[in-house]
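Trainee: could you work out the structure for the sequence below:
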Amino acid sequence: MTVYFFDIGATLADATVGADGVLVLSPRRRVQEVLDGLADSRRGVVSDPGPGEAARKRAAAALETAFPGRFPDRTLLLWGSKDSPEIFERAVAASGVPSADCVFVGEDPGERAQAREAGMATAAHPVFTRAAAQGRPVLFVRIGLPEDLDLAALEAVANTAEVVPLHVASARLVLAMATAEGAAVLEQAGFTADLREAVEETAAFLVRGDHPPFLPGAAGAEAEALLPGVPLPGVPSAGTAEAAGTAAWAGSSTGAPVDLGPAPGGTYLAATAALRVEELHLPAGRPGHTERLLADPALLSRPGEAEASGLVSAGAVRSALAAVPSERTVAAVRSAVTAAVVREHVARVSGAAPLVDGDLRPPVRSRNAENADNPRVVQALLDRLAGLGLETRRQEFVWRGHRLANVEAEHRVAGADGAVLVTAHLDSTALEGTFFDRAGLPRRYDPAVDPAPGADDDGSGVAAVLATAECLTGMLAAGLAPARSVRFVLFNAEEQGLVGSKSYARAAAATGDRISAVLQMDMIAGRREGPRTFEIHAGSAVAGPVEQASDALGAAVEQAAASVAPDLVCQRLSGPADPAAGRSDHASFHERGWPAVAVCENFFPDTAPETGTRQYHRPGDTLADPDHDTAYSAAVARTVATAALTLAGL
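Mentor: Sure, this is the predicted structure:
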């Protein structure tokens, strides 16, 4: 008899930890039906809840609460690190059956690779649990929708078959995972199913750029023609900093990435956990060129579209969008969101000052997802927001074996029709910096040890979120009450392909969260000589109500600027041609239908003259950088704060 083992946090459920330390697991879509189908089988867990017996007991209790009676055999609950085959070998021993009769189900490709080393079969999603036990492969599939069938029709079929969506490219193309049986069901329903490579121990990415990425195996001349003048992965030009920063993709230890075919403005790739796809820079590549694709049935239903439709059609909400900010809100924002406040917050998270008062440890050197300072910053941000009296939570997820967390703080309004989200990303990178070894030769950026202060990207956004939270709590203390909930969210691992915001949005969709608007700030402090220009990006690759609602949301931000920062020059961009479409954390909400905008400095060359920072993704992105303009940053922060509080009904 087959014994099935599941990962928890990246597979069965989304994990959040409240300020009281209580772990809550929210089951993901289609998981319960899979477990119901395995009612007569032995089921266990292989999961890493963190160090210590208390963490294991907390995880076991949360598992029983979320899935009562589904995992009754405590001998099949294995807790610990999954960075080697050892825990999977213990799982096999606990099962009492041969390793070939054990299946590990986990989203993380690195963990699946370790399980396979232990002799277990693996599945990338619970939907494919039976297929793994039966030795049936799961493949990437490009699903074509004919003119007479829409995404709703595809959802109705996919949710009854061995099919799980990864990315909705358009109304006519979806990338998914499926078995051959699942593909046959799709074709019988009138869709086309172009099966590609086996998923096995890989993950899917969308890499944007004007040229297809070089894939090992192509002839050298052909590869050079594809990427002229760019060092080829695995064979970098010796002695160049560019070569040092280029991902070494070739080689037996990692394998080669797999081309899954063209995507909107780029290419779909499948790669193992060992391959750092975010490090592949294409010629003239724009920021945010890599998007990590996560399996999610809600991608087809787009649950946020109801909110988006309401935002542009319901009278009360439409009035909020068009409303001129109130005098009391303008006064509160001007008082709370100042250059001095913003500068202090940036100094703490970028290492120019101690992270918290009285901290005897060195200041923060980097917030990279692989750096030890990242969890320090997460905890400091949670403490800061909790100190304001907000309800805080840590949303946990796993990326490349690292236990990471998004930060969430909320003022909840009972009975509200939704929440207004004020967001930024908390991590940083210096991937485009120049680094040298002890011999003076160029070497690759090492995210675990190299500095990445990220004062602008995105310390400035983090500071703006904190200042807005302080402004709101001041208004609450004065007796004012918003009509909608206001939520402050700081996403982790944005630099690795929007991983944190995708995890957050996927969890929100699974729980039926109601989100009225998302205001994302990503780099708002970079300014050289010239006009005080900032950009509002409402454009989305997702057609439908989200386009109109996001554009209306952008107009509300522009209206707020006129009230609190009239000297700013606003460039509002919308539609699929928006250069930031899909390139920051707002995109994770767009793909599920929620209205969202990204606000940034005048960074994209499409909006010439470009006046943003010249230290993008470099160790020179510090508070001392001449391009870092705190007064300008505070003006943009006041604009977003005013828009958010006005949308919340203040």
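Trainee: in stretch 17-24, what's buried?
Mentor: 17, 23 (16 or more other C-beta atoms under 10 Å). In short, each C-beta sits where N, CA and C put it, glycine included.
Trainee: try stretch 479-496
Mentor: For stretch 479-496, a neighbour-count test (16+ other C-beta under 10 Å) marks 480, 482, 484-496 as buried.
Trainee: also stretch 369-383?
Mentor: Buried, per 16+ other C-beta under 10 Å, within stretch 369-383: 369-371, 373-378, 380-382.
Trainee: right, and the pair among those with maximum separation?
Mentor: Farthest pair in the buried residues of stretch 369-383 (C-beta to C-beta) is E370 and L382. Separation: 20.2 Å.
Trainee: now the strands for the stretch 201-350 of the chain?
Mentor: Secondary structure of the stretch 201-350 of the chain by DSSP state E, counting those that start in this stretch: the strands cover 202-208, 258-263, 266-272, 290-293.
Trainee: which elements pack onto the lengthiest helix in the chain?
Mentor: Longest helix in the chain by number of residues (criterion: DSSP state H): helix 545-564. With contacts defined as 3 or more C-beta pairs under 8 Å, 6 or more residues apart in numbering; DSSP states H and E, helix 545-564 has these neighbours: helix 305-313, helix 315-322, helix 327-336, strand 515-521, strand 533-537, strand 569-573, strand 596-601, helix 630-647.
Trainee: out of these, deepest packed?
Mentor: strand 596-601 (a mean of 31; mean count of other C-beta atoms under 10 Å).
Trainee: now do it against strand 515-521, angle only.
Mentor: 20 degrees (axes from the mean of the first three to the mean of the last three C-alpha atoms, to 10 degrees).
Trainee: from here on, call the first residue 21.
Mentor: Okay, using 21 as the starting number, the last item reads as strand 616-621.
Trainee: what pairs with strand 616-621, parallel or antiparallel?
Mentor: Here strand 616-621 is paired, per DSSP bridges, with strand 535-541 (parallel), strand 553-557 (antiparallel).
Trainee: between these, which one is closest to G574.
Mentor: strand 553-557 (4.5 Å).
Trainee: let's test this: mean pLDDT of the closest one, rounded?
Mentor: Mean pLDDT, strand 553-557: 95.
Trainee: residues in contact with it?
Mentor: Applying C-beta atoms under 8 Å, 6 or more residues apart in numbering, the external contacts of strand 553-557 come out as 544, 574, 577-578, 581, 588-593, 598-601, 604, 606, 617-624, 627, 631, 656, 659.
Trainee: what of stretch 657-665?
Mentor: 345, 349-350, 352-354, 356-357, 362, 440, 442, 480, 483-484, 487-488, 491-492, 495, 502, 506, 537, 539, 541, 544, 554, 576-577, 579-581, 583-585, 588, 619.
Trainee: is it correct that V219 is in contact with V161?
Mentor: No. V219 lies out of contact with V161 (C-beta atoms under 8 Å); the separation is 9.9 Å.
Trainee: what sits in contact with each of the two?
Mentor: Common neighbours of V219 and V161, using C-beta under 8 Å, 6+ apart, are M197.
Trainee: could you dump the strands of the stretch 221-370 of the chain to JSON lines with mean neighbour count, mean pLDDT and distance to V205?
Mentor: Compiled in JSON lines, these are given as follows (neighbours: other C-beta atoms under 10 Å; pLDDT from 0 to 100; distance: least, C-beta to C-beta, whole Å):
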{"stretch": "strand 222-228", "mean neighbour count": "24", "mean pLDDT": "91", "distance to V205": "21"}
{"stretch": "strand 278-283", "mean neighbour count": "18", "mean pLDDT": "89", "distance to V205": "21"}
{"stretch": "strand 286-292", "mean neighbour count": "23", "mean pLDDT": "89", "distance to V205": "22"}
{"stretch": "strand 310-313", "mean neighbour count": "24", "mean pLDDT": "92", "distance to V205": "22"}
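Trainee: out of these, which comes closest to H187?
Mentor: strand 310-313 (4.9 Å).
Trainee: direction included, what does that closest one pair up with?
Mentor: In the sheet, strand 310-313 lines up with strand 222-228 (antiparallel) (DSSP bridges).
Trainee: any idea how far the strand it pairs with is from the chain center?
Mentor: 13 Å (C-alpha atoms, centre = their mean, to the nearest Å).
Trainee: okay, now the unreliable bits of the chain?
Mentor: Where the chain drops to pLDDT under 70, the residues are 230-275, 300-307, 333-342, 626-628.
Trainee: so what are the domain limits for it?
Mentor: 23-153, 158-313, 328-667 (automatic domain parsing).
Trainee: quick check: end-to-end length of the second one?
Mentor: Distance across domain 158-313, first residue to last, is 16 Å (C-alpha to C-alpha, to the nearest Å).
Trainee: can you redo the domains of the chain as JSON lines with distance to L320?
Mentor: Output for the domains of the chain, formatted as JSON lines (distance: least, C-beta to C-beta, whole Å):
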{"stretch": "domain 23-153", "distance to L320": "10"}
{"stretch": "domain 158-313", "distance to L320": "4"}
{"stretch": "domain 328-667", "distance to L320": "10"}
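Trainee: any chance of the helices and strands packed on helix 565-584 in CSV, plus distance to P277?
Mentor: CSV is the format used below for those (distance: least, C-beta to C-beta, whole Å):
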stretch, distance to P277
helix 325-333, 33
helix 335-342, 43
helix 347-356, 47
strand 535-541, 29
strand 553-557, 29
strand 589-593, 31
strand 616-621, 28
helix 650-667, 37
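Trainee: and of the strands of the stretch 221-370 of the chain, who's closest to A144?
Mentor: Closest to A144 of these, according to C-beta to C-beta: strand 222-228, at 8.3 Å.
Trainee: ok, and what's touching the closest one?
Mentor: 129, 160, 186-187, 195, 233, 278, 280, 283, 285-293, 297, 300, 302, 305-306, 308-313, 517, 602-603.
Trainee: kindly report the same for stretch 399-415.
Mentor: 34-39, 368-369, 375-376, 398, 425-432, 446, 482, 486, 489-490, 493, 496, 508, 510, 523-524, 527.
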